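Undergrad: Everything below, folded, please.
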Amino acid sequence: MSTVTAAVIQMDAQGDLDDNRRRASKLIDLAAARDAQMVVLPEVFVYFGETNMMRQHAENIPGPTTDLLQEAARRHKIYLVGGSFFSLIAGSDKVYNSNLVIGPDGEIIAHYRKIHLFEIDAPGEVVFNEADIVAPGDEVTCAETPFGTVGLSVCYDLRFPELYRALADRGAHIITIPAAFATKTGKDHWEPLIRARAIENQVYMLASGQTGIKPGGFSCYGRSMIVDPWGTVIAQAQDQECVITAELDFDYLWKVRKAMPALKNRKL
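TA: As a prediction, this is how the structure comes out:
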C-alpha cells in the first residue's frame, strides 16, 4: 500500500474505568468514520488515577481491555495500536505497561512491554518513579502490516534514541508513541523529541498523548501529533480530547530516504 490514513486519539482519561473504556470506544468509532485504517490510543487510557490504584486496576491478557480492543478492531476492520494499560505479572507485585497491536481480524499481532520507565524528581511540581510499580520490558517490538512495519514504543522511551534506531534497523516505516507526557517536560521537550526521532530514522511518527489534570494533580501535556519522515508536523491536536488524522504517503518516505540516505550512510 502506498498510502494509509492514520488516526491518533488524544484522551483525558480519569479514574472511572467504565467511562474511560466507553469514551475510548467512541473515539475509535470516530476515527474509523474518518476512514482511518490505523488508529493509535494513548498510554494508560483505561485508568489514570492515584499510583497505588493504577496497580490495583492491572488486568490479565486476555481481559476486559483486550476484549474491547479486539472487538473494535474487528468491527471496523482496522489496525489498532491499543495505547497501553497495566497488565498483571504472575507471581509479582509489579505490573507491565503493555501495548498491544490488534489486526482487523481481532487477533493480537504484537505485544510490547514498555522498556524505559519514567522517573522525575521536581519537588513542588511533579515527583514520580514508574519503577515503583512497573517492571520493564526487554524486547524491541515491531508489528507487520500491509502498509509496512510498525515500530512500538511508549512515552518515556522517546528520550532514548537507541530504541528508535533499533526499530529502524528492524525495518520500521512508522513508529507509534502512546504517551502520558508530563506538562512539566512536555512543553519544552515533546515536539522536539518526536521530530528528532522522525528525522533521525526517516519514519512517520504517530504520537498519541493524554491531556488534562489527573487525580492526584498530575498534569498531562497533550498536543498529540503526526510527524512525517522529514520532521514536519502534519497534524496536531488541540488541548482537549479529540481525534486527528493524516495520510501517510510511503512514496514520499522513500523519496526522503533516497534524497538523504542517512540510514544507508551509517558508520556505527
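Undergrad: Which residues are in contact with the closest residue in space to G171 that isn't next to it in sequence?
TA: Distances taken as CB to CB, 6 or more residues apart in numbering put T149 closest to G171, at 4.3 Å, once the chain neighbours are dropped. Heads up, the C-betas are built off the backbone N, CA and C, glycines and all. By CB atoms under 8 Å, 6 or more residues apart in numbering, the contact set of T149 is 142-143, 170-174.
Undergrad: go with 10 Å
TA: By CB atoms under 10 Å, 6 or more residues apart in numbering, the contact set of T149 is 142-143, 167-168, 170-175, 203.
Undergrad: Can I take it that it is in a helix?
TA: No. Assessed with DSSP: H, G, I helix; E, B strand; the rest coil, T149 is strand; it does not lie in a helix.
Undergrad: how far away is it from T183?
TA: The spacing between T149 and T183, counted by CB to CB, to the nearest Å, is 32 Å.
Undergrad: Pull out the buried residues from stretch 121-132.
TA: The neighbour-count check on stretch 121-132 (16 or more other CB atoms under 10 Å) flags 128, 130 as buried.
Undergrad: for stretch 48-63, same thing?
TA: 48-49, 54-55, 57-59.
Undergrad: ok, so of those residues, who is nearest H189?
TA: F48 (20.4 Å; CB to CB).
Undergrad: just checking, that closest one touches G217?
TA: No. In this structure, F48 is not within contact of G217 by CB atoms under 10 Å, at 12.0 Å.
Undergrad: follow-up on the earlier one: filter the contacts of T149 down to the buried ones and hand me the ChimeraX line.
TA: Once 16+ other CB under 10 Å is used to decide burial, the buried members of these can be selected in ChimeraX as follows:
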select :142,143,167,168,172,173,174,175,203
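Undergrad: Do I have it right that S224 meets A207?
TA: Yes. With contact defined as CB under 10 Å, S224 reaches A207; the gap is 5.8 Å.
Undergrad: what touches both of those two?
TA: Common contact partners of S224 and A207 (CB under 10 Å, 6+ apart): 8, 10, 40, 42, 177-179, 181, 190, 194, 236-237.
Undergrad: Which members of those are the farthest-apart pair?
TA: Farthest pair in these, by CB to CB: P178 and Q236, 16.4 Å.
Undergrad: Comparing the two, which residue is more hemmed in?
TA: Remark: of P178 and Q236, P178 carries more neighbours, 32 against 17, as counted by other CB atoms under 10 Å.
Undergrad: Find the centremost residue of the chain, please.
TA: Per CA atoms, centre = their mean, the C-alpha nearest to the average position across the chain is that of P178, at 1.8 Å.
Undergrad: sorry, back to before: quick check, nearest of the contacts of T149 to L88?
TA: A143 (22.5 Å).
Undergrad: Check which helix or strand the closest one maps to.
TA: strand 142-145 (DSSP states H and E).
Undergrad: what lines up beside that strand in the sheet?
TA: With DSSP bridges as the test, strand 142-145 is paired with strand 148-152 (antiparallel).
Undergrad: How far does the strand it pairs with sit from its chain's centre?
TA: Centre-to-centre, strand 148-152 and its host chain are 12 Å apart (CA atoms, centre = their mean, to the nearest Å).
Undergrad: quick revisit: centre of the chain to the strand holding A143, how far?
TA: Distance of strand 142-145 from the chain centroid (CA atoms, centre = their mean) equals 14 Å.
Undergrad: Provide the contact partners of that strand at residue level.
TA: If you take CB under 10 Å, 6+ apart as the criterion, strand 142-145 is touched by 1, 4, 37-38, 79, 81, 99-104, 108-112, 148-152, 166-167, 170-176.
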